[in-house]
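Asks: Compute the structure for the input listed below.
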Amino acid sequence: MTENHLPRFEDWEANKMKDAAFDAAAKELEPGYQVARLRIQRGFTQTQLAEMIGTRQPSIARLENGSSLPSISFLNKIATALDAKIEVRLIAENKTEYHT
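Replies: Predicted coordinates for the structure are as follows:
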């Protein structure tokens, strides 16, 4: 499929969710998955999103495929372009001893 022919998000997601490895990878690469999901839902290509935030398409591709870790400022630009918000969570490890 070429970048200019966008799938319906529901079709893309249904196909991907059949693969257990995809589900595990999506959780591991969550920022990239979320950006791809929102981008497709909003009807943008990677190139269009890149132009909206002042970067190039390979930067969006690297984020979406998990080969680069985005900065908060980069994610903020993407969130603004996609009419979304950023949530950051710190989750404690299961440890029985805490220092006060």
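
Asks: which sections of the protein are below the confidence cut-off?
Replies: Low-confidence segments of the chain, defined by pLDDT under 70: 1-4, 25-29, 95-100.

Asks: Which stretches in it count as helices?
Replies: 9-17, 20-28, 30-42, 46-53, 57-65, 72-81 (DSSP state H).

Asks: hmm, who's touching the last one?
Replies: Pointing back at helix 72-81 there. Residues from elsewhere that reach helix 72-81 (CB atoms under 8 Å, 6 or more residues apart in numbering): 31, 35, 49, 52-55, 59, 63, 70, 84-86, 88. Any C-beta I mention is one placed from the backbone N, CA and C, and that applies to glycine too.

Asks: ok so, going back, between the helices of the chain, which one is closest to residue 93.
Replies: In terms of CB to CB, the element of the helices of the chain nearest to residue 93 is helix 20-28, at 17.1 Å.

Asks: so can I have JSON lines of the helices of the chain showing mean neighbour count?
Replies: Below are the helices of the chain laid out as JSON lines (neighbours: other CB atoms under 10 Å):
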{"stretch": "helix 9-17", "mean neighbour count": "13"}
{"stretch": "helix 20-28", "mean neighbour count": "12"}
{"stretch": "helix 30-42", "mean neighbour count": "19"}
{"stretch": "helix 46-53", "mean neighbour count": "18"}
{"stretch": "helix 57-65", "mean neighbour count": "18"}
{"stretch": "helix 72-81", "mean neighbour count": "16"}
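
Asks: Pipe the contacts of helix 72-81 into TSV and attach distance to residue 20 per row.
Replies: Output for those, formatted as TSV (distance: CB to CB, whole Å):
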residue	distance to residue 20
31	21
35	22
49	28
52	34
53	33
54	37
55	33
59	29
63	23
70	26
84	27
85	29
86	28
88	27
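
Asks: re the thing from before, with distance to residue 93 added, can I get the helices of the chain in a markdown table?
Replies: Converted to a markdown table, the helices of the chain look like this (distance: least, CB to CB, whole Å):
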| stretch | distance to residue 93 |
| --- | --- |
| helix 9-17 | 29 |
| helix 20-28 | 17 |
| helix 30-42 | 18 |
| helix 46-53 | 34 |
| helix 57-65 | 27 |
| helix 72-81 | 22 |
